[in-house]
Each structure stands twice: as structure tokens, then as C-alpha cells.
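Trainee: the following block contains a protein sequence and its predicted model.
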Amino acid sequence: MNQAHRIVSSEAEELILVDADDNETGHLSKSACHDGHGILHRAFSVFLFDDEGRVLLQRRAPGKRLWPGFWSNSCCSHPRRGESMRVATRRRLQDELHVDAPLEFVYKFCYQADFGAAGAEHELCHVFLGRLSATPVPNDHEIAAVRFVDAAELGRDLVERPERYTPWFRMEWQALETEHAAQLAGFVAP
């Protein structure tokens, strides 16, 4: 097994706590950030597209604490204490998919979503788009499966089977299609 495929995020790593304006307010373990209804922390979501304009989706590994087995965007995670967003996104693309891609920032938003007794996400999430130039090699500790989907097929599936997808992914894709359609079109159109 490739060394990169043994890297897993740790519940003990310190995440960056923020206020609603994305100002840093402190640090707390990943585990504590996701307990109860969650504590607001900085996060990111990356949407990667191939040369045909299809988006790469990942199915979260069964060992994930929150939303295991759900489909989501290409890569999502958190910058660690003292880590810039640029460094964090690059690190996680390598950790999860063994790829590097130039990313374009689109927008950021706050959300909170409970996952029963397991905990919750309460994040100020930065959303990025990027183009893949290499074949992704998923880290099986983080990702159960990957697939490329065109925008029309994804739109239909989100309407017909929304329960298959993480809550942040559904919110982000809707915002990308409506509020940021021009920026998205530059990646969806081959």
C-alpha cells in the first residue's frame, strides 16, 4: 500500500475556531468541534472537474464518524491550527486523492447539521473549484468510492435521492448552480 494511503485525519488534531465573520477565536480538537451540535470552526470543500466537465464525487468511508457512506464533493476537510487554507487544501488533496490541482476560491458560508447522537458539523466553509490533471487514487481510509458525474445527472440525483448526499454538499452545489453559475460554467463546460 502506498504511504499516502495510510494517512488519516486524527480526532486529536487542533482545528481553528472562528466567529461568523471568519475571525479566528481559538483552537479545539477535531473531536470536540464535532461533539453535540458542533462548535463553529473553519473548513473547506473542493470540487474537482475532469476535462469533460464532470465533477468528481467521493463516497465517505464507512469508518467516518459523521455521514459515513454518504456521497459528497471531491474533498472536504479543515485547516489545522496555524495552517493556511492554501496549505490545508493542498495537503488534503494529496492525503485523500493523491492529486494536486490549482484551486479557485468561489465563496464561503456558515452551516450547522446534526448527525444524530454521533455529533454535528458547524462550519464556516470555504468553497473551491479546480481542474484535475491526473487520475485520482483514493485513500481507502477516507474514501469508499469515487465517481465522475455530469452536472445534469447530478442535478437529477439530488432531486430524486437527496438522502444519499451530505448536507453541506447539497447546499454547496445548489449555491454553485444558482449564485455562482458563471464561475461554475468555466469548469462544467469542456
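Mentor: Received the coordinates, thanks. Numbering: from 1, shown residues only.
Trainee: from now on I want contacts and neighbour counts done on CA atoms only, so please keep to that.
Mentor: Fine.
Trainee: show me what contacts residue 88?
Mentor: Taking Cα atoms under 8 Å, 6 or more residues apart in numbering, we find residue 88 in contact with 78-80.
Trainee: the residue nearest to the spatial centre of the chain: what secondary structure?
Mentor: Residue closest to the average C-alpha location in the chain (Cα atoms, centre = their mean): residue 76, at 2.0 Å. When classified by DSSP: H, G, I helix; E, B strand; the rest coil, residue 76 comes out as strand.
Trainee: thought it was touching residue 42?
Mentor: No: at 11.3 Å, residue 76 does not count as touching residue 42 under the criterion of Cα atoms under 8 Å.
Trainee: how many neighbours does residue 32 have?
Mentor: Residues lying near residue 32 (other Cα atoms under 10 Å) number 15.
Trainee: for it, give its distance to residue 159.
Mentor: Distance, residue 32 to residue 159, by Cα to Cα, to the nearest Å: 33 Å.
Trainee: now swap in residue 63 and tell me
Mentor: In this view, residue 63 and residue 159 are 27 Å apart by Cα to Cα.
Trainee: which pLDDT value belongs to the residue nearest to the centre of the chain?
Mentor: pLDDT, residue 76: 95.
Trainee: which residues touch residue 102?
Mentor: Residue 102 neighbours (Cα under 8 Å, 6+ apart): 130-131.
Trainee: now the buried members of the contacts of residue 88.
Mentor: Among those, those scoring as buried are 78-80 (criterion: 16 or more other Cα atoms under 10 Å).
Trainee: what are the phi and psi angles of the nearest residue to residue 85 once chain neighbours are set aside?
Mentor: Spatial nearest neighbour of residue 85, excluding adjacent residues (Cα to Cα, 6 or more residues apart in numbering): residue 79 at 6.0 Å. Backbone dihedrals for residue 79, given as degrees, to the nearest 10, come out at phi -70, psi 140.
Trainee: cool, residue 87 as well?
Mentor: The phi/psi pair for residue 87 (degrees, to the nearest 10) is phi -70, psi -40.
Trainee: spatially nearest residue to it (excluding sequence neighbours)?
Mentor: residue 79 (7.9 Å).
Trainee: the one you found contacts residue 42, doesn't it?
Mentor: Yes: with contact defined as Cα under 8 Å, residue 79 counts as touching residue 42 (6.9 Å).
Trainee: restrict stretch 58-78 to CA atoms and write it as PDB.
Mentor: Extracted in PDB, the C-alpha atoms of stretch 58-78 (Å, rounded to 0.1, in the frame of the first residue of the first chain):
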ATOM      1  CA  GLN A  58     -16.400  10.700  -3.200                       C
ATOM      2  CA  ARG A  59     -18.400   8.300  -1.100                       C
ATOM      3  CA  ARG A  60     -17.200   8.800   2.500                       C
ATOM      4  CA  ALA A  61     -15.500   5.800   4.100                       C
ATOM      5  CA  PRO A  62     -17.600   3.600   6.500                       C
ATOM      6  CA  GLY A  63     -15.300   4.500   9.400                       C
ATOM      7  CA  LYS A  64     -16.100   8.200   9.200                       C
ATOM      8  CA  ARG A  65     -17.800   9.500  12.400                       C
ATOM      9  CA  LEU A  66     -20.200  11.800  10.500                       C
ATOM     10  CA  TRP A  67     -22.100  10.800   7.400                       C
ATOM     11  CA  PRO A  68     -20.200   7.500   6.700                       C
ATOM     12  CA  GLY A  69     -21.200   6.000   3.300                       C
ATOM     13  CA  PHE A  70     -22.700   9.300   2.000                       C
ATOM     14  CA  TRP A  71     -21.700  10.800  -1.300                       C
ATOM     15  CA  SER A  72     -20.100  14.200  -1.100                       C
ATOM     16  CA  ASN A  73     -17.800  16.700  -3.000                       C
ATOM     17  CA  SER A  74     -14.300  15.700  -4.200                       C
ATOM     18  CA  CYS A  75     -12.500  16.600  -1.000                       C
ATOM     19  CA  CYS A  76     -13.600  18.300   2.300                       C
ATOM     20  CA  SER A  77     -11.700  18.900   5.500                       C
ATOM     21  CA  HIS A  78     -10.300  21.500   7.800                       C
END
